[in-house]
Structures are given as C-alpha cells and as structure tokens.
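1. sequence? don't have it. structure:
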C-alpha cells in the first residue's frame, strides 16, 4: 500500500484573543502516516488539538504552521489552497456544519461537485444527470429529497446536518476524508446511517481519519488504527482494542505512561 498522508513533526499555533494577538502553540510535533485503504481514528481529551489538526489539513487560515511538513499523495499539502486540496481529493466533515441562508442545498452540492470534477479534468454534470445522482445517493443515506430544496443546513436537525456532510462526501468521491466528530449529537439511527455512508466509500483508493470520543461509531466502522492525541502530540497508537481500553480506563493512565 502506498502512503497517502504523511505528517512529520507538525507544530501549529493560533492567535489568542488578547489585544496583542499572541500566538498559542496547540500542536507540538505531530507524526502520523496513513496509507491508502486505511481507516485511522484520533481520540483524546477535550482541548488536545484534534480539531486543530483537521483544520490545518483542510487549510483553515487562522492556524499557523510553525514547523514540520505534510505530504498528501507525495505533494506538499501546506502549499495548496483549500480548493486545490479538495480537488486533490481531501474532504473535511465539520463537527458543527454551518448554515448558509439563501443558498439552495441542491445548487450548493451541484456547484461543489462540478467544481471538483472540472479541476480533476472530468466532464461536468448537467442538471438532469446531477439530480438523478444526488437523489440516488440521498436515498442510500435515508436523506429526504425534500431537504435538497431547502437552504444549506438551515433548520436542519443535528443528525440531518451530519447526513448532509456525508452526502457531500459521497458525491465528491474524495480519496481522503477527515470526519471531525461527525457522530456527536446523533441518535442511534442517525449514527448507523452516517457510519454506513462512510463504510460505503471504503476501498483501496479511499482512506479516512475519524475524530471521535465514542466507541459506538467504531463498532460500526471498525478502524485499522487508533491514535491518542494529548498535549499537542500523539502519545499512544494501537489497534482497534485501544478504544476499549480508553472506554474502560479513560485517558489518565495513558497520560501517566507518556509523562513517565
């Protein structure tokens, strides 16, 4: 298997809210390698830097990389604009998807799909072809076609917003997806639908990094590796059994072993 994402000694800071705008270090030397076809999970205490890592990988402008490198399919990811990262095959499902009043959901999805297809040298879809594709995909995710007529995420429940994220992911066909606590706030039925949507993309050409606090999602997805992020660094990595240990013991013992 080829390496699709390689993070080496990544240090990241963000400006705090002080009048002086001081920078606060959040990530303090992340090392992570993900191969094609693999599913990795990132867990850790609140405030450890999990979402920061997802934002940096997707190109959020508020975060400053102060050291280290990130290679995506062999190219310098940090040099690419967010839209170029999407065209290259990277996708981020947000922890808290924002509402876009006045922006029709179907039009938004069609624009996103055709933008990525154009950047990849593929033929753009006309309205009829796209409508057929999006309705078929939405049905698989138990996503009401009526919601395609509404504005993006406006009036959506938490579960509907997360399904909309997975719908976007399914339509864009990324080669690498980051799911930032996509399972948060979901009931059992919605969780199952989201998990099945993620599993449906699994192939030798698709990899993912899933950020979560919950074992239930992992019961559905069954990851290859689990990493624990704390104090801005990955302090422990292991197989699927690691999440069971965390569920039973919490993070305190792993933190104690790291400090020792």
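-> Structure received. Keep in mind that what you see is a predicted model, and the values were worked out from it rather than measured.
2. the most centrally placed residue in the chain: what's it in contact with?
-> When the chain is reduced to its mean C-alpha position, the nearest residue by Cα atoms, centre = their mean turns out to be residue 178, at 1.9 Å. By Cβ atoms under 8 Å, 6 or more residues apart in numbering, the contact list for residue 178 reads 54, 57-58, 90-93, 208-211. For the C-beta atoms, the positions are set from N, CA and C on the backbone; glycine is no exception.
3. ok, those vs residue 82, which is closest?
-> Nearest to residue 82 out of the contacts of residue 178 is residue 58 (Cβ to Cβ; 6.2 Å).
4. number of nearby residues for the residue lying closest to that closest one once chain neighbours are set aside?
-> In space, and not counting its chain neighbours, residue 58 is closest to residue 92: 4.1 Å by Cβ to Cβ, 6 or more residues apart in numbering. Using other Cβ atoms under 10 Å, residue 92 is surrounded by 24 other residues.
5. can you give me the strands for the stretch 1-150 of the chain?
-> Using DSSP state E, counting those that start in this stretch, the strands of the stretch 1-150 of the chain run over 3-15, 23-35, 39-43, 63-72, 75-76, 90-93, 100-104.
6. and the average pLDDT for the first one is what?
-> This predicted structure assigns strand 3-15 an average pLDDT of 94.
7. ok, the contacts of residue 178 vs residue 48, which is closest?
-> Nearest to residue 48 among the contacts of residue 178 is residue 211, at 10.4 Å by Cβ to Cβ.
8. isn't the closest one up against residue 49?
-> No - Residue 211 is not in contact with residue 49 according to Cβ atoms under 8 Å; the separation is 10.4 Å.
9. if I look at the nearest residue to residue 69 once chain neighbours are set aside, how far off is residue 67?
-> Nearest residue to residue 69, sequence neighbours excluded (Cβ to Cβ, 6+ apart): residue 8, at 5.0 Å. Applying Cβ to Cβ, to the nearest Å, the value for residue 8 to residue 67 is 10 Å.
10. equivalent analysis for residue 145, please.
-> For residue 145, the distance to residue 67 - Cβ to Cβ - is 48 Å.
11. for residue 251, give me the pLDDT.
-> pLDDT for residue 251: 85.
12. and it, what is it in contact with?
-> Contacts for residue 251 (Cβ under 8 Å, 6+ apart) come out as 44-45, 228, 230.
13. so which of those residues are in helices?
-> Per DSSP state H, helices hold no members of the contacts of residue 251.
14. and stretch 187-204, what's buried?
-> Applying a neighbour-count criterion of 16 or more other Cβ atoms under 10 Å, the buried positions in stretch 187-204 are 190-191, 193-195, 197-198, 201.
15. what sits against residue 65?
-> Taking Cβ under 8 Å, 6+ apart, we find residue 65 in contact with 10-12, 56, 78.
16. pretty sure residue 254 is touching residue 230, no?
-> Yes - contact status for residue 254 versus residue 230: in contact at 7.4 Å, counting by Cβ under 8 Å.
17. identify the residues contacting the residue nearest to residue 58.
-> Going by Cβ under 8 Å, 6+ apart, the list of residues near residue 92 reads 54-55, 57-58, 177-178, 180.
18. quick check, residue 177 in a strand?
-> Yes - Residue 177 sits within a strand when classified using DSSP: H, G, I helix; E, B strand; the rest coil.
19. turn the contacts of residue 65 into a markdown table, columns for distance to residue 151 and neighbour count.
-> Below are the contacts of residue 65 laid out as a markdown table (distance: Cβ to Cβ, whole Å; neighbours: other Cβ atoms under 10 Å):
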| residue | distance to residue 151 | neighbour count |
| --- | --- | --- |
| 10 | 36 | 23 |
| 11 | 39 | 17 |
| 12 | 33 | 23 |
| 56 | 29 | 25 |
| 78 | 33 | 16 |
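20. on that earlier part again, any chance of the contacts of residue 178 in TSV, with pLDDT and distance to residue 4 too?
-> Shown next, in TSV, are these (pLDDT from 0 to 100; distance: Cβ to Cβ, whole Å):
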residue	pLDDT	distance to residue 4
54	94	16
57	96	12
58	94	15
90	95	10
91	94	13
92	92	15
93	88	17
208	93	10
209	95	10
210	92	15
211	91	17
